[in-house]
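A.B. asks: Build me a model from this:
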Amino acid sequence: MAEAPPIAPMEQFLVHPLVKIPPLHIGGLTLDMSITNATLAMAFAAFVACAFLFAAGKRQLVPGRLQSVGESLFDLIDQTLVGPIMGHSGRPYVPFIFTIFMLVLVMNMAGLLLAFGNLAHQEWTFTATAQLAVTLTLALISFLSVVAIGFIKNGLGFFKLFTPSGLPLPMLMLVAPLEFLSFMIRPVTLAMRLFGNMLGGHVVMYMFASFVVGLGLFALQGGIAYLAFAGSGVSFAMVVALTALEFIVAFLQAFVFAALTTVYLNDVVNLGHGH
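C.D. replies: The predicted model follows:
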């Protein structure tokens, strides 16, 4: 009798060592240098992003498909985000914002394309942006870059970011701590937004995909169990619909991450205009 595999949607987020490498001892620290499914997923995303941009950057007079897609993605960041939000002063930061956008986008998309490998218990499949450690690292890179650029461009005037002009002193004493607190939690909200969307979407997709397999195997027992094929078919339709939705969400989350990074950079690059 065929049995359905157990539904364990959170297994897909476990980090597994794929290639064990002896640990590196530095002082009192021990660094595990093993290659895991997480590091493989991130390395794969970086390779795909670099390969795509290399192939798309040929500057042909009549652009091919890859060049057209690459130029469209770059214009999306340059013309839709940086230009309208930061103006001409944002031009030096376009490569940084575009790099973050491409890394998040490729990791999101790669995670979706490889997600179904988890149903076959393939440990090498992994969605990097469904790990809080990864999204928080990206958020901290964005946040610390904003802080560094803020001090480089404004010096101690950076603290004007927390003191809106025109407020009386009693109100300013109330608003300034709130502004500072709001600024400090930016990396947390930036990381949690991407992490939560990718994690939730993959869990729901895995659940419905498990229903497809489980109900299908149950229906093979015959008799009244054949009715389970209907449930399996509905679940399959949901998987298709959710997959399409998740591809949209994957793109939008990469765009939102880049957009918020742009807004945060604008706060310090054009500090004198808004404060």
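A.B. asks: Mind jotting down where the helices sit in the stretch 51-200 of the chain?
C.D. replies: Counting by DSSP state H, counting those that start in this stretch, the stretch 51-200 of the chain has these helices, from start to end: 65-75, 83-86, 94-114, 132-154, 169-184, 186-219.
A.B. asks: list the buried ones in the first one?
C.D. replies: To tie it back to what came earlier, the one meant is helix 65-75. For helix 65-75, a neighbour-count test (16 or more other C-beta atoms under 10 Å) marks 67, 70, 73-74 as buried. Every residue, glycine included, has its C-beta placed from N, CA and C.
A.B. asks: which of those residues lies closest to T127?
C.D. replies: When these are compared for distance to T127, the smallest value, 20.9 Å, is given by L73; criterion: C-beta to C-beta.
A.B. asks: Surely that closest one and V106 touch.
C.D. replies: No. Here L73 lies out of contact with V106, judged by C-beta atoms under 8 Å, at a distance of 10.8 Å.
A.B. asks: Show me the shaky parts of the chain.
C.D. replies: Per-residue confidence of the chain (counting by pLDDT under 70) places the weak regions at 1-12, 115-124, 272-275.
A.B. asks: From V212, how far off is the residue with the largest distance to the centre of the chain?
C.D. replies: Ranked by distance from the centre of the chain (C-alpha atoms, centre = their mean), the top residue is G223, with 46.1 Å. Shown here: G223 relative to V212, a distance of 20 Å by C-beta to C-beta, to the nearest Å.
A.B. asks: same thing with A148?
C.D. replies: Applying C-beta to C-beta, one obtains 49 Å for the distance of A148 from V212.
A.B. asks: out of those two, which sits in the more crowded spot?
C.D. replies: Neighbours were tallied for A148 and for V212 using other C-beta atoms under 10 Å; the higher tally belongs to V212 (19 against 11).
A.B. asks: Spit out the contact partners of F208.
C.D. replies: When the contact criterion is C-beta atoms under 8 Å, 6 or more residues apart in numbering, the partners of F208 are 235, 238-239, 242.
A.B. asks: one more time with 6 Å, if that's ok
C.D. replies: Residues counted as contacts of F208 (C-beta atoms under 6 Å, 6 or more residues apart in numbering) are 235, 238-239.
A.B. asks: what's the longest helix along the chain packed up against?
C.D. replies: In the chain, assigned by DSSP state H, the helix with the most residues is helix 228-269. Judged by 3 or more C-beta pairs under 6 Å, 6 or more residues apart in numbering; DSSP states H and E, the packing partners of helix 228-269 are helix 83-86, helix 94-114, helix 132-154, helix 186-219.
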